[in-house]
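Peer 1: here's my sequence, what's the structure:
(one chain, ligands or ions: 1)
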Amino acid sequence: MAAATIKVGIIGLGSISELHLQAYRRIEGVQLVAACDLNGTRAEEKAGKYGIGKVYTDYRELLADSEVDAVSICTWNNSHAEISIAALRAGKHVLVEKPLCRTVEEAERIEEAVRESGKTLQVGFVRRYDANAQLVKQFIDNGDVGGIYYAKASFIRRLGNPGGWFADPERSGGGPLIDLGVHIIDLCWYLMGRPKPVSVTGNTYKKLGNRSHIQHLSFYQAADYDPNVNGVEDMANALIRFENGASLLVDVSFTLHAKKDEFAVRLYGDQGGIEIEPELAIVTEKHNTILNIAPQTDNKSIHIEDAFLNEVRHFVDSVRAGSKPISPVEDGVAVMRMLCGIYESARTGEEVWL
Ligand SMILES: NC(=O)c1ccc[n+]([C@@H]2O[C@H](COP(=O)([O-])OP(=O)(O)OC[C@H]3O[C@@H](n4cnc5c(N)ncnc54)[C@H](O)[C@@H]3O)[C@@H](O)[C@H]2O)c1
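Peer 2: Predicted coordinates for the structure are as follows:
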């Protein structure tokens with residue numbers, strides 16, 4: 001017997017919703033039935049493009065629609081907690097974009113709502129779902145690099161503060177740390193085997209502003225970009241210590257006097273090393289010789305559309321099976337504890353014990 005169709009609503013129809021919509025459209029047994037955005041014109045446009053029948057500007061009306069089984073939440077970070085909790089209470093399954101929310105307190109309330117509702121909530125840690133991340137996880141899980149004791153990741157934009165809500169701490173919860181750092185901290189932590197974080201120490205800097213004066217170099221800007229508004233840090237760095245003795249060093253920026261952008265994710269074990277970004281590589285030794293292994297894969301670096309397709313497919317499969325997704329709410333809560341701990345450490349100038 002064919003499985004029942006899963007009917008999906010999308011809340012928030014800005015940039016990233018496109019990748020959710022494209023993915024849902026490619027998955028069998030899924031129907032996009034409802035769309036909601038505060039901006040009615042944007043909602044109408046997207047609904048028209050994807051043949052979605054119902055359009056709302058108030059998410060509560062979408063959640064009251066009994067035809068909707070599951071939602072993707074692609075709104076500003078300040079509404080992730082409120083909409084996730086309301087959706088779960090309305091009996092919907094939830095795929096919520098990263099970061100889970102803005103604070104640990106919000107994260108814990110979402111976790112409680114997941115527990116109470118018994119519905120599926122998947123955090124949109126899309127980088128976990130990239131084929132290369134899953135490939136290296138297989139090597140790690142099989143002991144090919146031994147115990148990972150150090151990881152190091154950078155997500156550096158020399159010029160790339162998107163402005164708009166991203167630059168408004170009330171709506172975003174912070175700057176490059178919560179927006180970009182969330183990706184690389186989560187990916188390293190996941191591949192390290194999710195060791196218990198014990199302390200963080202971090203620094204944030206707001207020295208350069210958004211550098212809207214820069215000419216000859218274009219960068220992505222949010223729809224409501226205003227060069228005069230920017231309340232978030234330019235860059236952050238952090239050291240996270242884990243109970244098993246491992247450590248993770250990260251730095252991230254929206255803007256920095258760097259020669260070029262950098263995206264690097266590296267993990268080091270006692271039997272070998274792994275570089276996922278900028279180019280997939282495994283390092284090991286054999287017969288007293290160091291080997292740099294280049295796995296032969298379709299893509300050397302993340303393939304973002306495929307990663308989103310895998311993420312959304314996994315969400316649909318988890319909903320159907322009633323199984324826990326590989327990025328469950330508790331991982332979202334743990335990552336929020338690390339991120340908020342780093343902001344607190346930067347504020348107080350002290351190491352924060354988690
Ligand atoms: N996984 C990734 O790689 C990735 C990449 C970019 C953005 N994101 C995340 O996706 C989310 C959206 O980012 P974006 O770049 O698409 O932003 P965006 O500004 O392009 O779009 C956000 C949309 O949400 C709408 N919105 C905001 N609050 C709403 C509410 N309460 N009800 C209904 N609609 C609401 C806005 O009107 C806007 O159209 C953010 O949480 C961001 O962190 C994830």
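Peer 1: separation between Arg109 and Phe125?
Peer 2: Separation of Arg109 from Phe125 (CB to CB, to the nearest Å) stands at 19 Å. Quick note: C-beta positions are derived from backbone N, CA and C, even for glycine.
Peer 1: who's more crowded, these two?
Peer 2: Neighbour count, other CB atoms under 10 Å: between Arg109 and Phe125, Phe125 has more, with 26 against 15.
Peer 1: quick one, what contacts the more buried one?
Peer 2: Counting by CB atoms under 8 Å, 6 or more residues apart in numbering, Phe125 touches Lys98, Val182, His183, Asp186, Leu187, Tyr190, Ser327, Asp331, Gly332, Val335.
Peer 1: over to Leu280?
Peer 2: Leu280 neighbours (CB under 8 Å, 6+ apart): Asn132, Leu135, Val136, Ala294, Pro295, Thr297, Lys300, Ser301.
Peer 1: wait, which of those is closest to the ligand?
Peer 2: Nearest to the ligand, judged by CB to the nearest ligand atom, of the contacts of Leu280 is Ser301 at 14.0 Å.
Peer 1: which SS class is that closest one?
Peer 2: The three-state label given to Ser301 by DSSP: H, G, I helix; E, B strand; the rest coil is coil.
Peer 1: next one, pLDDT for Tyr149 please.
Peer 2: pLDDT for Tyr149: 98.
Peer 1: what about it, neighbour count?
Peer 2: Tyr149 has 16 nearby residues by other CB under 10 Å.
Peer 1: for the residue nearest to Met192 when sequence neighbours are not counted, grab the count of nearby residues.
Peer 2: Spatial nearest neighbour of Met192, chain neighbours left out: Ile148 (4.9 Å); criterion: CB to CB, 6 or more residues apart in numbering. For Ile148, the neighbour count with other CB under 10 Å is 24.
Peer 1: His183 and the ligand, how far apart?
Peer 2: 7 Å (CB to the nearest ligand atom, to the nearest Å).
Peer 1: the ligand contacts on this structure?
Peer 2: Where the chain comes near the ligand, counting by CB under 6 Å from any ligand atom, the residues are 11-17, 36-39, 42, 59, 74-77, 79, 97-98, 124, 126, 165, 179, 222-223.
Peer 1: so, low pLDDT: which residues of the chain?
Peer 2: Regions of the chain meeting the criterion pLDDT under 70 cover residues 1-2.
Peer 1: ok, the residue of the stretch 151-300 of the chain found nearest the ligand - contacts?
Peer 2: Closest residue of the stretch 151-300 of the chain to the ligand, CB to the nearest ligand atom: Ala222 (5.3 Å). The contact partners of Ala222, taken as CB under 8 Å, 6+ apart, are Pro162, Gly163, Gly164, Trp165, Phe166, Ala167.
Peer 1: quick check: closest non-adjacent residue to it.
Peer 2: That would be Gly164: by CB to CB, 6+ apart, it lies 2.9 Å from Ala222.
Peer 1: hmm, Asn228 and the one you found touching each other?
Peer 2: No. Applying CB atoms under 8 Å as the test, Gly164 and Asn228 come out as separate, 12.0 Å apart.
Peer 1: ok, the two, which is more surrounded?
Peer 2: Under the criterion of other CB under 10 Å, the comparison of Gly164 against Asn228 puts Gly164 first, with 18 against 7.
Peer 1: hang on, the earlier thing: only the buried subset of the residues of the chain next to the ligand, as a ChimeraX command please.
Peer 2: Only the buried entries of the residues of the chain next to the ligand go into this ChimeraX selection, using 16 or more other CB atoms under 10 Å:
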select :11,12,13,14,16,17,36,37,42,59,74,75,76,77,79,97,98,124,126,165,179,222
